[in-house]
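1. Sequence plus predicted model, see below.
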Amino acid sequence: MNYAVLVVPDFALHALRRSNPGLCGRAVALVAGDGRKARVAEASPEARGVAPGLAATLAMSRCPGIILRQRDPGAEVEAHRVLLAAAFTLSPRVESTRGGCCTVDLQGADPARTEPLMRLLAVELAGAGLPVRVGAGATPLLASYAARCAEPVLVVRDPGDFLAPLPLAFADPGPGQEDILTGWGIGTLGGLTAIPKAEVGRRLGAEGALLWERAAGETTRVLRLVEPARSFSAEWAYEPPVESIEPLFFKLRRFAERIALELRGAGFVAEKLSLTLLLEDETDHRREFRLPEPGADVEGWLRVLNSHLGTVRTDARVAGVRLVAAPARPQEKQDGLFDTGLRDPASFWENIARIAAIVGDDRVGTPAPVDTHRPDAFVLERTAEAVAPQAGAPVHPPCGPTLRRFRPPWPVRVVCDAGSPALLEGGRLEGRVRAALGPWRSAGDWWKPQAWAFETWQVELAGGGVYQLACADGAWRVEGMLD
Amino acid sequence: MVPPVQTVSALRLLLAARFPERARRPCGGVSAAVRSIDDALGGGLPAGRLTELVSAVPSGGGQTVVAKLLEATQAARQRMALIDGADGFAPEAVPAGVLRHLVWVRCRAPEQAFAAADILVRDGNYAAVVLDLRGCAERALRRTPSSVWYRLQRAAEGGSVAVLVQTTSPLVPAVPWRLVLDTPLSLADAGAPREAVADRLDVRTERSHAQATESMAG
């Protein structure tokens, strides 16, 4: 097989249904024309008794409750991009043949790998609301014939056997040609190709010879290739604006499915997602999600987005949504033989990402000290997959109760007696100091504009509680509690 | 025909007899490395259950419990999560070597803490999850629907994680174990090794529902 054709029957109808959650599972028909001239162009299987060509009024009487809609060009563009993205996962040489149809050049691809891939793709696209049919054959034409007969994948290995029973209409005969051939008793492609091509050409002229070539599936052509996506983004404008999370999430799912396919086709994974909600009052809500484990797992992305959207409150209705994925090359690594890794790495990273979506990317991780004596200096690092054994006893074993910080520190007025704090007042913490330890003086970064210098005290209040105070430039603050 | 029960105690006995698996103490657990807590809980924080630790007085030692739990889980090469409701954890207050297994979630509001706890308790990769709500606004905590707590308890029961909830006043409804730290530490403890400080912590068992059920069941 040199070529594959991906085609979605009733493409405009499926594009409309996948963009509108209210149409799923309902009897829907697309109509062309206005008023009394409106006729059904495509109908969903649920619309019983309705067929293309039927007048819209008749369709309504035959199928009460049927939803009649016009085509939605925006939805068709989005659906076609999904189809193209799926085609690029098979090969980088893809032609956008027409809406809902694309042709893939598979020359050089491994058939043993490609055929299962096509079957997986058909299942995946069906899940995304596009029931695709995939045909593969030696020529683009043969592949397109196969796609029309596929359920959902058909690979033509013996063109003669495949073409012989197909009706003559597959080869698209001209108006006069079909009558002539029917008069000769020829109704199938096999019947036509049983006659030598030269004889057909002599009787029906050059057009007849071309028809014979189409019937034999021999016609080939140069594909008009399209470039794969370079940016991985999707955007939608809601009309009217939406107020709840459901339509937003529905659209984000569709976007995520398409972007994940585009990334896969380009050999990338996403390391960061960027979500923008365009609000009705012309402001926007932006949020970036750094994925702890770069990947193209749609469900994982959606859990991250859903966790965040559950916490979002906006002042105005959402008029549009934009999702952008930052591409990165997939990580490849081999774990150590004796690593005690995670029980379930997938859920671990996914849950970290979900929490990051709730609290912020910079507020979840493993704390690590920084090489400075500046108080409260640390960085949050990516959590290690394996818990390493303890290196040994610390050089300076911890002493005393553990500090629990107040962030930000509480300002307080301190009355000193003989240079040591004696009374706290005017803040969230007040009282007489029963005992005090200090001062510990520290300073650093004096060569930088962010130079710092502190005097630290530990005080026990008469009413109970041990606190850590810091004084900088005469301003006191309670840094935390020794607990 | 079962006769109608007259008292709560009788109802508990009946339930314990009818559903013995609910009254059974959970097997396994995570040592808190604080003698008084491990003794009160019969060996450590029970896996698959919530334990509430109430710091009833300032400097009651709740943060030292967190520090010791960090050391214990690191020594056992287990993973621990700290959901910090008021962002009070000070990494410099514990040795750097006992931080590498910790996932620290720095929340801005109690709602974030509950959402993070709901996710992490179900994760399956953690031996201990500490939900530290000290420092959160009391009114906001009191407004938390009890369904949030029941959901968290059901989530914990489904797994093997030990959940320690740190509060400043009793908060968790129907919690199996509630311990209270009501003896404040003093400045005299500042120079003592942390082991000694942890040994000084005195906890009072305010609620031990499972033990009560066991004793009533005979």
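-> Looks like it arrived, so ask away. Note that the structure is predicted; figures quoted are calculated from it, not measured.
2. now chain A, which segments are flagged as low pLDDT?
-> Within chain A, the stretches with pLDDT under 70 are A:292, A:331-341.
3. Please parse it into its domains.
-> Chain A is divided into the following domains under automatic domain parsing: A:3-155, A:159-215, A:232-331+A:344-359, A:403-482.
4. With distance to residue B:60 added, can I get these in TSV?
-> No exception for glycine: its C-beta is placed from N, CA and C like everyone else's. Putting those into TSV (distance: least, C-beta to C-beta, whole Å) gives the following:
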stretch	distance to residue B:60
domain A:3-155	52
domain A:159-215	81
domain A:232-331+A:344-359	27
domain A:403-482	9
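5. Would you mind giving those domains as a markdown table with mean neighbour count and distance to residue B:65 added?
-> Listed next are these as a markdown table, based on neighbours: other C-beta atoms under 10 Å in any protein chain shown; distance: least, C-beta to C-beta, whole Å:
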| stretch | mean neighbour count | distance to residue B:65 |
| --- | --- | --- |
| domain A:3-155 | 19 | 48 |
| domain A:159-215 | 16 | 74 |
| domain A:232-331+A:344-359 | 18 | 23 |
| domain A:403-482 | 16 | 11 |
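6. show me where chain A has helices.
-> Assigned by DSSP state H, chain A shows helices spanning A:11-19, A:56-62, A:73-88, A:111-127, A:140-149, A:159-163, A:175-183, A:189-193, A:197-215, A:245-265, A:298-309, A:345-359.
7. Of those, give the one that comes closest to residue A:426.
-> Of all the helices of chain A, it is helix A:345-359 that lies closest to residue A:426, at 32.5 Å by C-beta to C-beta.
8. Check what contacts stretch A:74-81 and list those residues.
-> Identification of contacts with stretch A:74-81 by C-beta atoms under 8 Å, 6 or more residues apart in numbering or on different chains yields A:8, A:11-12, A:14-16, A:18-20, A:96, A:99-100, A:129-130, A:229, A:234, A:236, A:254, A:258, A:262.
9. which of these come close to chain B?
-> Among the contacts of stretch A:74-81, not one lies near chain B by C-beta under 8 Å from any C-beta of the partner chain.
10. Find the residue at the geometric middle of chain B.
-> Nearest to the mean C-alpha position of chain B, counting by C-alpha atoms, centre = their mean, stands residue B:164 at 2.2 Å.
11. Quick check: end-to-end length of stretch A:382-389?
-> In stretch A:382-389, first residue to last residue: 18 Å (C-alpha to C-alpha, to the nearest Å).
12. ditto for stretch A:366-377
-> Termini of stretch A:366-377 sit 14 Å apart (C-alpha to C-alpha).
13. Give me the contact status of it with chain B.
-> Yes: Stretch A:366-377 lies within reach of chain B by C-beta under 8 Å from any C-beta, at A:366, A:367, A:368, A:369, A:375, A:376, A:377.
14. quick one on the thing from earlier: residue B:112 is nearest to which of the domains of chain A?
-> With C-beta to C-beta, the closest approach to residue B:112 among the domains of chain A belongs to domain A:232-331+A:344-359: 5.2 Å.
15. Residue A:221: neighbouring residues, count only.
-> 10 (other C-beta atoms under 10 Å in any protein chain shown).
16. surely it meets residue A:143?
-> No: using C-beta atoms under 8 Å, residue A:221 is not in contact with residue A:143; the gap is 11.6 Å.
17. is the longest helix along chain B anywhere near chain A?
-> Ranked by number of residues, the top helix in chain B under DSSP H is helix B:62-75. Yes: among the residues of helix B:62-75, B:62, B:63, B:64, B:66, B:67, B:74, B:75 lie within reach of chain A under C-beta under 8 Å from any C-beta.
18. Output that helix as CSV, restricted to C-alpha atoms.
-> Taking Å, rounded to 0.1, in the frame of the first residue of the first chain, the C-alpha atoms of helix B:62-75 are listed here in CSV:
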residue,chain,number,x,y,z
GLY,B,62,2.5,20.4,66.3
GLN,B,63,5.3,21.5,63.9
THR,B,64,7.8,19.3,65.7
VAL,B,65,5.5,16.4,65.1
VAL,B,66,5.6,17.3,61.3
ALA,B,67,9.4,17.5,61.5
LYS,B,68,9.7,14.1,63.2
LEU,B,69,7.2,12.5,60.8
LEU,B,70,9.4,13.8,57.9
GLU,B,71,12.4,12.1,59.5
ALA,B,72,10.5,8.9,60.1
THR,B,73,9.1,8.6,56.6
GLN,B,74,12.5,9.5,55.0
ALA,B,75,14.1,6.7,57.1
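19. Alright, that wraps it up for me.
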